[in-house]
Structures are given as C-alpha cells and as structure tokens.
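Asker: Kindly generate the corresponding structure for this input.
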Amino acid sequence: MIRGMTLFKCTECGNRFIAPDIEWCATVLAAPQKCPKCGSMRTRPSRLVGGSDFMYKGIWSDQKKTKE
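Answerer: Sure thing, here's the model as predicted:
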C-alpha cells in the first residue's frame with residue numbers, strides 16, 4: 001500500500017531524496033527505493049529513530065539474494 005511520499009537516505013552515497021512510501025510486506029517499514037544519484041537500493045527513510053540501519057539490513061540482504 002502506498003502511504004504517501006517520504007524523505008529517504010541512501011546509505012551508500014548519503015544522498016537524501018523524496019520517494020513514495022510503500023509498505024514492506026505488510027509491516028510498518030517502508031520498502032527501500034532506488035537512489036537517483038548512485039542507483040543503490042540500500043536506502044531507508046531518514047525519519048528512523050536514531051538513524052539506525054539495523055532494521056533494514058535484513059531487507060537489503062533479502063533483496064541482494066533475490067537479485068543474484
């Protein structure tokens with residue numbers, strides 16, 4: 001489900017960009033969106049408490065496995 005637009009941060013290049021906030025697998029997490037600057041999918045909403053990448057590491061590894 002699309003919940004609107006949100007500010008994302010790329011963990012590869014540090015770019016911040018606005019993209020659709022789409023729920024990830026019926027959870028409160030937002031699905032990572034492709035960075036327009038470097039093309040990386042290692043992105044997360046910049047509004048995360050504490051700026052932690054902890055919750056998204058599993059999502060990024062799942063995406064990498066399905067890509068290979």
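Asker: quick one: pLDDT of the residue lying closest to residue 53 once chain neighbours are set aside?
Answerer: Among residues not flanking residue 53 along the chain, residue 11 sits closest, at 5.9 Å (Cβ to Cβ, 6 or more residues apart in numbering). Glycine gets a C-beta too; all of them are placed from N, C-alpha and C. Here, the pLDDT recorded for residue 11 equals 90.
Asker: Can you report how many residues neighbour residue 11?
Answerer: 17 (other Cβ atoms under 10 Å).
Asker: Make sure it is actually in contact with residue 44.
Answerer: Yes - using Cβ atoms under 8 Å, residue 11 is in contact with residue 44, at 6.8 Å.
Asker: For these two, list the residues in contact with both.
Answerer: residue 53 (Cβ atoms under 8 Å, 6 or more residues apart in numbering).
Asker: Can you identify the element that follows the strand of greatest length in the chain toward the C-terminus?
Answerer: Using DSSP state E, we find that the single longest strand of the chain is strand 2-10. Next helix or strand after strand 2-10 toward the C-terminus (DSSP states H and E): strand 16-22.
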